[in-house]
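Trainee: sequence-free structure coming up:
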């Protein structure tokens, strides 16, 4: 609970802990990112909904840009969930899961971003920015997820230590 409380009222020690958590999250995300790409490639091999795939193929640029919206929504909701009272944990978890489902479904059905050059041949720099943006977006989402999990883990350890430190009342 200390870490979650420190997010809203950070002291010097809490700020250092948050920096350490952020750096650790970035390190873990950097290590895990290649595996996340492999998982997305495996998910991309699953059967597709033809109607959704054809709908997104009609407007590939909009499909690719909306992927940024879905990808950004997950870290934003994760961070917002850390600020909400524990009474809404189930609702917050459901919201994150729904956003993840929408994001993965969208990713699987949108035209491959590697086809950007074939669809828009005179926009090399824009296609490169798109590819770079997807990598950055996935990295940020992964780092935010790791940060949230580490913060929750430290909060759980803090609660456990508080309960172990309290004298047992008869």
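Mentor: Nice, I can see it. What you see is a predicted model; the values in this text were computed from it and never measured. Numbering: from 1, shown residues only.

Trainee: which stretches in this structure count as helices?
Mentor: Under the criterion DSSP state H, the chain contains helices at 2-8, 12-44, 50-58, 60-83, 89-109, 116-119, 124-165.

Trainee: where among those is the average confidence lowest?
Mentor: Sorting the helices of the chain by mean pLDDT places helix 2-8 lowest, at a mean of 51.

Trainee: if we can go back for a sec, is it possible to export the helices of the chain to TSV including mean neighbour count?
Mentor: No exception for glycine: its C-beta is placed from N, CA and C like everyone else's. Below are the helices of the chain laid out as TSV (neighbours: other CB atoms under 10 Å):
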stretch	mean neighbour count
helix 2-8	16
helix 12-44	13
helix 50-58	12
helix 60-83	16
helix 89-109	15
helix 116-119	15
helix 124-165	15
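
Trainee: list the contacts for residue 138?
Mentor: The contact partners of residue 138, taken as CB atoms under 8 Å, 6 or more residues apart in numbering, are 33, 36, 37, 40, 71.

Trainee: ok, now how distant is residue 132 from residue 68?
Mentor: Here the criterion is CB to CB, to the nearest Å. By it, residue 132 lies 12 Å from residue 68.

Trainee: apart from its neighbours in sequence, what residue is nearest residue 61?
Mentor: Excluding the flanking residues, the one nearest residue 61 by CB to CB, 6 or more residues apart in numbering is residue 120, at 7.6 Å.

Trainee: what does residue 22 give?
Mentor: residue 147 (6.2 Å).

Trainee: test my guess that the one you found contacts residue 25.
Mentor: Yes - using CB atoms under 8 Å, residue 147 is in contact with residue 25, at 3.8 Å.
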